[in-house]
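Asks: For reference, the sequence and a predicted model appear below.
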Amino acid sequence: MTKKQDWFENESFWAQYAPVLFDAQRWAEAPTVAEHILKIIGTEPVSILDAGCGPGRIAVELAVRGARVTGVDLIRPFLNAAHDSAVDEGVELDLVQADLRSFSRPDTYDAAISLYTSFGYCDTIEEDLQILKNIALSVKAGGWFILEMTGREIAVRDFTEGEWFERGGFTVLTEFSVEGAWEGLRSRWMLIDENGRKIDHVFVQRLYSAVELKRLMMASGFSSVEIYGDFDFSPYNEKARTMVLVARK
């Protein structure tokens, strides 16, 4: 029996939506985010697993700052883009095309990161937990894991039924609805280019509260998890910009 392809395994989706998801603003944020990560895990030469590295915007910045970075992603064009960016910056990345539900390198990395809401898209919580277990397995004893994503609390606070904006050369129309009892957020993104051509895609992100995700991370093999509202260690409260969990193995 052929395994069902999850939407996030579809290379054509990422090729079409990359200009919107990874626009100039996202790239401009990368140096600051990389600096924050190294402040947490230390600036000595470190090995870092970027779990879901995408086109390498953070991986390259970490490598520029002396880290040895392995970037793992399912999407080959993203890995190719990360390679090209690394070459342009004169750094090396270890780039691996793999599924995080099965990828692990036991006791290999000083730290792992999963940023920009790259987590929470599997069909089941068990699959999400398996990803966390694989990451925990790959991190050395005493190592770090930094996970950043939109938490349920922020999704509830900032919920809107839709909006439109211009980004990456497209007019973007979005529609949002809630799955279950705030268990997930269904997003429909419609892109319209300058010639009027339309691209339409729907996907669901599983929503975790901060406490739920902390429990999953503890169950996956981490010994402690702290929760923040940004990379500057601000509290995860009603003013939080995002959800940042900092775990120690």
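Replies: Happy to help now that I have it. Numbering: from 1, shown residues only.
Asks: Residue 32 in helix, strand or coil?
Replies: Using DSSP: H, G, I helix; E, B strand; the rest coil, the three-state assignment for residue 32 comes out as helix.
Asks: The residue lying closest to it once chain neighbours are set aside and residue 128, how far apart?
Replies: Computed as CB to CB, 6 or more residues apart in numbering, the closest residue to residue 32 that is not its neighbour in sequence is residue 231, at 8.0 Å. Heads up, the C-betas are built off the backbone N, CA and C, glycines and all. Distance from residue 231 to residue 128, counting by CB to CB, to the nearest Å: 22 Å.
Asks: quick one on the thing from earlier: OK, contacts around the residue nearest to residue 32?
Replies: By CB atoms under 8 Å, 6 or more residues apart in numbering, the residues touching residue 231 are 32, 33, 36, 37, 40, 148, 244.
Asks: Wait, the last one touches residue 234, no?
Replies: So that's residue 244. No: counting by CB atoms under 8 Å, no contact exists between residue 244 and residue 234, whose distance comes to 9.1 Å.
Asks: if you skip the residues just before and after it, what's nearest to the residue positioned nearest the centre of the chain?
Replies: Nearest to the mean C-alpha position of the chain, counting by CA atoms, centre = their mean, stands residue 118 at 2.5 Å. Nearest residue to residue 118, sequence neighbours excluded (CB to CB, 6+ apart): residue 52, at 3.5 Å.
Asks: Residue 160 touches residue 176, doesn't it?
Replies: Yes: Residue 160 is in contact with residue 176 according to CB under 8 Å; the separation is 6.4 Å.
Asks: Name the residue in those two with the higher neighbour count.
Replies: residue 176 (16 against 8; other CB atoms under 10 Å).
Asks: what helix or strand is that one on?
Replies: Here residue 176 is covered by strand 170-179, with elements defined by DSSP states H and E.
Asks: Need phi/psi at the residue lying farthest from the centre of the chain.
Replies: Largest separation from the mean C-alpha position in the chain: residue 195, at 31.4 Å (CA atoms, centre = their mean). Residue 195 adopts backbone torsions of phi -100, psi 10, taken as degrees, to the nearest 10.
Asks: One more: the one 4 residues further on?
Replies: With angles defined as degrees, to the nearest 10, residue 199 sits at phi -120, psi 130.
Asks: what residues go with each domain of this structure?
Replies: According to automatic domain parsing, the chain is divided into the following domains: 7-150+209-248, 154-204.
Asks: Tell me which of these sits most buried.
Replies: Neighbour counts averaged per stretch over the domains of the chain are highest for domain 7-150+209-248, at a mean of 18; criterion: mean count of other CB atoms under 10 Å.
Asks: sorry, back to before: closest one of the contacts of residue 231 to residue 48?
Replies: Checking these against residue 48 by CB to CB gives residue 37 as the nearest, at 7.8 Å.
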